[in-house]
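A.B. asks: Turn this into a model:
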Amino acid sequence: MSADGAVTTDGAVTADDAVRERQRPLRSVLGRFATGVAVVTTVRRGRPAGLTVNSFTSLSLDPPLVLWCLNRASNHRAAFTAAPHFAVHLLAADQRELAARFAGPGDRFERLTTRPGPYGVPLLDGTIGTLICRRDRIVPAGDHLVLIGEVLDHHAEPGAPLLFLDGRFHRGPDPETT
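C.D. replies: Residues are numbered from 1 along each chain as shown. Reported below is the predicted structural model:
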């Protein structure tokens with residue numbers, strides 16, 4: 001057993017596993033809150049970066065601000081904390097595969113068609129909304145960073161959103177038919 005109380009022999013529980021187990025009840029409650037699903041993209045040193053988030057929300061209309069949260073341990077932390085601009089793509093209900101791609105390991109842009117957006121930010125096709133943002137500030141908060149962006153441009157398309165609830169993707173209502 002290690003000094004922090006976690007068993008460290010082969011196949012045993014690690015400190016990270018113990019933390020996840022303690023967090024499970026809270027994660028279960030928070031998972032009951034349906035959220036939209038977005039992919040945030042940026043470019044740093046000529047290389048695209050992107051990840052799936054469900055922590056996106058509007059913050060202010062005047063000035064136009066949005067926010068999303070980035071885990072401090074994310075492999076994309078350097079890209080998003082250094083890049084001055086990012087794009088938030090609100091995923092359509094039929095974009096589960098795209099959400100999974102940007103949540104998983106590997107080169108998320110491999111064999112993916114994107115188009116260059118303002119400030120070199122890669123843009124995704126088929127989304128129901130896109131916001132181009134200038135990073136306004138980063139606020140440390142627990143094990144995450146809150147990235148606040150000023151909305152410089154935005155575009156919406158009709159369609160049903162992709163939602164996340166209880167650890168699974170769901171089709172949201174189509175505003176055109178409700």
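A.B. asks: Can you show me the helices along the chain?
C.D. replies: 15-30, 77-82, 96-103 (DSSP state H).
A.B. asks: Need these in TSV (columns: distance to residue 136, mean neighbour count and mean pLDDT).
C.D. replies: The way it works is simple: take the backbone N, C-alpha and C, and place the C-beta from them, glycine included. Output for these, formatted as TSV (distance: least, Cβ to Cβ, whole Å; neighbours: other Cβ atoms under 10 Å; pLDDT from 0 to 100):
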stretch	distance to residue 136	mean neighbour count	mean pLDDT
helix 15-30	26	11	78
helix 77-82	13	16	95
helix 96-103	23	17	96
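A.B. asks: could I get these as JSON lines with distance to residue 137?
C.D. replies: JSON lines is the format used below for the helices of the chain (distance: least, Cβ to Cβ, whole Å):
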{"stretch": "helix 15-30", "distance to residue 137": "25"}
{"stretch": "helix 77-82", "distance to residue 137": "11"}
{"stretch": "helix 96-103", "distance to residue 137": "24"}
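A.B. asks: quick one: which of the ones you listed is nearest residue 112?
C.D. replies: Closest approach to residue 112 among those (Cβ to Cβ): helix 96-103, 7.3 Å.
A.B. asks: wait, what's in contact with the closest residue in space to residue 90 that isn't next to it in sequence?
C.D. replies: For residue 90, ignoring the flanking residues on the chain, the nearest one in space by Cβ to Cβ, 6 or more residues apart in numbering is residue 129 at 3.7 Å. Neighbouring residues of residue 129 by Cβ atoms under 8 Å, 6 or more residues apart in numbering: 88-90, 154-157.
A.B. asks: Bridged to residue 44, which residues?
C.D. replies: Taking DSSP bridges as the rule, residue 44 bridges to residue 47.
A.B. asks: Which among the helices of the chain is found nearest to residue 61?
C.D. replies: Nearest to residue 61, of all the helices of the chain, is helix 77-82, at 23.7 Å by Cβ to Cβ.
A.B. asks: quick one, what contacts the nearest residue to residue 46 once chain neighbours are set aside?
C.D. replies: Nearest residue to residue 46, sequence neighbours excluded (Cβ to Cβ, 6+ apart): residue 120, at 8.0 Å. By Cβ under 8 Å, 6+ apart, residue 120 lies in contact with 43, 46, 85.
A.B. asks: With residue 103 instead?
C.D. replies: Residues near residue 103 by Cβ under 8 Å, 6+ apart: 51-52.
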